[in-house]
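[1] okay, here's the prediction I keep looking at, along with the sequence it came from:
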Amino acid sequence: MTTPILRRRAARCATALLLSGCGAQDLANTWELDRLRVLAIAAEPAELRPGETTALRSLVYVPTGATFGTGIWIGCLPSAADSFGCGGDSSALESLAELDPATATPEELAAALETAREAGLLGLDPFFPPTWTAPTDALDGLDPRQQAEGISAVINLTVTEGERADGADPDLELVYKRVPVSVSPTPNHNPAIAGWLVDGEPWSESEGPLPVQSGATLSIEPVLSADSLEAYTYENTAGEVEDRVEEPYFTWFTEAGDFDQALSLYPEVAVEWTAPKALDSEALIVAVARDRRGGMAWRTLQVVVQ
């Protein structure tokens, strides 16, 4: 559970995010997992009609020795967003962040949450699961073709670490995601990673960490579910309706070892991963699938070097 000090830090970050953007670290340019990182955000459902609600979740990597602090979710339509994301009334977020869930009454928490939601807050991890509802008038003013194409709502997530034993400021990560809102006849759905192939053979996480020899190279392939490759219609700028099929791609991350590539494209989605030299060490491997229409999925694989 976060402390009042961390909640104040989260509130200050929320204030900066709403007013002028928060000074988060740049994302690493490679697959290396060596600090706090938000690797993916998924909305379920992945595409909304006006008036529908989506549940949001994130894949956050917290390095060894650190703890998860707070995740602040904010959302808005693109008309209310700027180059830093969504704006709003920061005082409502500060009031919520200053509350101590251990001592506040349910009525106090509910009232503060409702006020913060009116200011644009969608959720506060780990206390309030984030959701976003597309306004019923989200597509007003658009012609039928534009409504079918839709708009993309903006979702901001600011994540902080828990307090550090050395007294240093917690690490911070700020990311955003776009969620389509449309009346498309073929709305998008999230893909699903059904399993793994390791050197061409199925591997289940239920078998425990995957054993690998020091310095060995493995072919690792995520297996998409049968319904992950969706057919959909698209109207181009000439007004022609095209039938298309999704062509997802994967981004890769790991705590140790080395990839031959940090990104793989369907249908050649396998990558080669070379284990580190250190014996009796464990490493996390993460594959994040993106279907190029806003849908996302992920799966993790734990390996142990013997």
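    Arrived safely, thanks for sending.
[2] please parse this protein into its domains.
    4-181, 193-305 (automatic domain parsing).
[3] list the contacts of Ala192.
    Applying CB atoms under 8 Å, 6 or more residues apart in numbering to Ala192 gives the contacts Leu224, Ser225, Asp227, Ser228, Ala297. Every C-beta, even on glycine, is put in place using the N, C-alpha and C of the backbone.
[4] thought the fourth one was touching Pro248?
    Yes. Here Ser228 reaches Pro248: they are 7.1 Å apart, a contact under CB atoms under 8 Å.
[5] so between these two, which is more surrounded?
    Pro248 (24 against 20; other CB atoms under 10 Å).
[6] how about the more buried one, what does it touch?
    Pro191, Leu224, Ser228, Leu229, Tyr266, Ala289, Arg290, Asp291, Arg292.
[7] check contacts around the residue lying closest to it once chain neighbours are set aside.
    Using CB to CB, 6 or more residues apart in numbering and skipping the chain neighbours, the partner closest in space to Pro248 is Asp291 (4.5 Å). Applying CB under 8 Å, 6+ apart to Asp291 gives the contacts Asn188, Asn190, Pro191, Ser228, Glu230, Glu246, Pro248.
[8] quick one: which of those is nearest to Gly65?
    If you rank the contacts of Asp291 by distance to Gly65 using CB to CB, Asn190 comes first, at 32.2 Å.
[9] deepest of the domains of the chain, which one?
    With neighbours defined as mean count of other CB atoms under 10 Å, the domains of the chain peak in mean count at domain 4-181, which reaches a mean of 17.
[10] give me the most central residue, this structure.
    For the chain, the residue sitting closest to the mean C-alpha position, by CA atoms, centre = their mean, is Ile41 at 1.6 Å.
[11] which phi and psi does that residue have?
    Main-chain torsions, Ile41, degrees, to the nearest 10: phi -130, psi 130.
[12] do Ala165 as well
    Ala165 adopts backbone torsions of phi -70, psi -30, taken as degrees, to the nearest 10.
[13] now do the same for it: its pLDDT.
    Predicted confidence (pLDDT) for Ala165: 75.
[14] how about the contacts made by Trp298?
    By CB under 8 Å, 6+ apart, the neighbours of Trp298 are Leu39, Ala40, Ala42, Leu59, Ile193, Val286, Ala287, Val288, Ala289.
[15] cutoff 7 Å now
    Residues in contact with Trp298 (CB atoms under 7 Å, 6 or more residues apart in numbering) are Leu39, Ala40, Leu59, Ile193, Val286, Ala287, Val288, Ala289.
[16] ok, and the closest non-adjacent residue to it?
    Trp298's closest residue in space is Val288 (CB to CB, 6+ apart), at 4.6 Å.
[17] so where is the chain shaky, pLDDT-wise?
    1-29, 87-102 (pLDDT under 70).
[18] which stretches of the stretch 51-200 of the chain form strands?
    For the stretch 51-200 of the chain, strands defined by DSSP state E, counting those that start in this stretch occupy the ranges 53-61, 68-76, 81-82, 85-86, 121-125, 131-133, 151-161, 172-181, 193-198.
[19] if we can go back for a sec, out of the contacts of Asp291, who's nearest Thr103?
    Ranked by distance to Thr103 (CB to CB), the contacts of Asp291 are led by Asn190 at 38.2 Å.
[20] list the residues that contact the residue lying closest to the closest one once chain neighbours are set aside.
    Excluding the flanking residues, the one nearest Asn190 by CB to CB, 6+ apart is Gly295, at 4.3 Å. Residues in contact with Gly295 (CB under 7 Å, 6+ apart) are Ala46, Asn188, His189, Asn190, Pro191.
[21] try 6 Å
    If you count contacts by CB atoms under 6 Å, 6 or more residues apart in numbering, Gly295 has them with Ala46, Asn188, Asn190, Pro191.
[22] any idea how far Tyr176 is from it?
    Between Gly295 and Tyr176 the computed distance is 16 Å (CB to CB, to the nearest Å).
[23] again, but for Pro185
    28 Å.
[24] on that earlier part again, closest to Thr217 among the contacts of Asp291?
    Set against Thr217, the nearest of the contacts of Asp291 by CB to CB is Pro248 (24.5 Å).
[25] let me see the backbone angles for the closest one.
    When read as degrees, to the nearest 10, the backbone of Pro248 gives phi -70, psi 170.
[26] list the contacts of the closest residue to Asp258 other than its chain neighbours.
    Excluding the flanking residues, the one nearest Asp258 by CB to CB, 6+ apart is Thr274, at 4.7 Å. Neighbouring residues of Thr274 by CB under 6 Å, 6+ apart: Thr217, Gly257, Asp258.
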